[in-house]
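S.K.: no sequence on this one, just coordinates:
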């Protein structure tokens with residue numbers, strides 16, 4: 001069950017990165033980056049590793 005969730009997360013992560021790489025609309029790009037950051041923060045929390053304080057647009 002956990003492996004399936006991890007696979008879906010990986011697929012979503014890749015999808016977001018691919019979209020961000022070609023997005024030309026700055027607002028859509030920021031939304032994609034925000035979602036990528038949210039996923040990264042969640043993953044780092046699971047591993048109990050604080051992430052360097054970097055935020056975009058705040």
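M.R.: Now that the structure is in, tell me what you want to look at. Predicted, not measured: the structure shown is a model, and the values here were computed from it.
S.K.: which residue packs closest to the residue nearest the centre of the chain, ignoring adjacent ones?
M.R.: The geometric centre of the chain, computed from its C-alpha atoms, lies nearest to residue 36 (C-alpha atoms, centre = their mean), at 1.6 Å. Using C-beta to C-beta, 6 or more residues apart in numbering and skipping residues adjacent in sequence, the residue nearest residue 36 is residue 16, 5.2 Å away. For the C-beta atoms, the positions are set from N, CA and C on the backbone; glycine is no exception.
S.K.: Look up phi and psi at the residue nearest to the centre of the chain.
M.R.: Main-chain dihedrals, residue 36, degrees, to the nearest 10: phi -60, psi -40.
S.K.: pLDDT at it, what is it?
M.R.: Per-residue confidence (pLDDT) for residue 36: 94.
S.K.: and what of residue 19?
M.R.: Value for residue 19, per-residue pLDDT: 97.
S.K.: State the distance from it to residue 40.
M.R.: Spatial separation of residue 19 from residue 40 under the definition C-beta to C-beta, to the nearest Å is 16 Å.
S.K.: Neighbour count for those two, which is higher?
M.R.: Applying other C-beta atoms under 10 Å to residue 19 and residue 40 shows that residue 19 carries more neighbours, namely 15 against 12.
S.K.: That one touches residue 32, doesn't it?
M.R.: Yes. Taking contacts as C-beta atoms under 8 Å, residue 19 lies within contact range of residue 32: 5.5 Å.
S.K.: Any regions of this structure where pLDDT drops low?
M.R.: Judged against pLDDT under 70, the low-scoring parts of the chain cover residues 1, 49-58.
S.K.: Please repeat the previous calculation with a cut-off of 90.
M.R.: Screening the chain residue by residue with the criterion pLDDT under 90, one finds the ranges 1-11, 13, 40-58.
S.K.: those helices in it, which residues are they?
M.R.: According to DSSP state H, the chain carries its helices in the segments 2-22, 26-46.
S.K.: Quickly compare those and say which is most buried.
M.R.: Per-stretch averages of neighbours, counted by mean count of other C-beta atoms under 10 Å, single out helix 26-46 among those, with a mean of 13.
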